[in-house]
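# need coordinates for the below:
(2 chains)
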Amino acid sequence: GQSLEQPSEVTAVEGAIVQINCTYQTSGFYGLSWYQQHDGGAPTFLSYNALDGLEETGRFSSFLSRSDSYGYLLLQELQMKDSASYFCAVSGGSYIPTFGRGTSLIVHP
Amino acid sequence: NAGVTQTPKFQVLKTGQSMTLQCAQDMNHEYMSWYRQDPGMGLRLIHYSVGAGITDQGEVPNGYNVSRSTTEDFPLRLLSAAPSQTSVYFCASSQGINSPLHFGNGTRLTVT
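Sure thing, here's the model as predicted:
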């Protein structure tokens, strides 16, 4: 089976940098992805890592270490609109990603 | 492009009733899936399909049925609704195993 662990809540102030960690267990591994979900909305794709290292997309970066079964999402220059839930998801033995329970990010002014 | 379209947006059922949640995508994606989202539980996979005529069970399949007769449509059937099925249901599609999931806007289901 597959399982993922991520913190349930993270708080930060506007303009700061925040890191959301994710550890996973999976039989077979294709990649680790991150999704953002605002209250009442649908999850939207942020990033995907299949290989070790850092992927950068604007203010968001995602890191993967396959040997440690670990990844993180880094959000820079935080804005109020970044307040949302963030999910890591692992693509492994099954064809469809398994999601973690999500991290609620609260950005304070 | 409409992307992934789910209907209805809201639904209230009585225990024991059956219904079908509709999902359609216009991106010609092979992979489609159904998740349910409950507070604090993240998104849990119910059923998925990797192509027309092919379906398989996910993590929480009991009480649900699916079929995939066309590439575009992937309906989810609740056979006999129970209060434990009160949840938000999301349909998603993707091009393949390493491709992003595209989600519909969800169906908010309440079973009384």
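# and stretch A:31-41 with chain B, contact?
Yes. Stretch A:31-41 lies within reach of chain B by Cβ under 8 Å from any Cβ of the partner chain, at A:31, A:33, A:35, A:41. Using the backbone N, CA and C atoms, a C-beta is placed for each residue, glycine as well.
# wasn't the last one part of a helix?
No. Residue A:41 is assigned coil when assessed by DSSP: H, G, I helix; E, B strand; the rest coil, not a helix.
# which one is it nearest to, not counting chain neighbours?
Distances taken as Cβ to Cβ, 6 or more residues apart in numbering or on different chains put residue B:105 closest to residue A:41, at 7.6 Å, once the chain neighbours are dropped.
# same thing with the first one?
Nearest residue to residue A:31 in three dimensions, chain neighbours excluded: residue A:50, at 4.0 Å (Cβ to Cβ, 6+ apart).
# show me what contacts that neighbour?
A:30, A:31, A:64, B:98 (Cβ atoms under 8 Å, 6 or more residues apart in numbering or on different chains).
# pick the one among the residues of stretch A:31-41 next to chain B closest to chain B.
Using Cβ to the nearest Cβ, residue A:31 is the member of the residues of stretch A:31-41 next to chain B that sits closest to chain B, with 5.7 Å.
# residue B:62 in helix, strand or coil?
coil.
# actually residue A:51, not the one I typed
coil.
# before we move on, the earlier item: and the residues of stretch A:31-41 next to chain B, which is closest to residue A:109?
Residue A:109 lies nearest to residue A:41 out of the residues of stretch A:31-41 next to chain B, by Cβ to Cβ, at 22.0 Å.
# which SS class is residue A:90?
Under three-state DSSP, the three-state class of residue A:90 is strand.
# what's the closest non-adjacent residue to residue B:100?
Nearest non-adjacent residue to residue B:100, counting by Cβ to Cβ, 6+ apart: residue A:45, 3.7 Å away.
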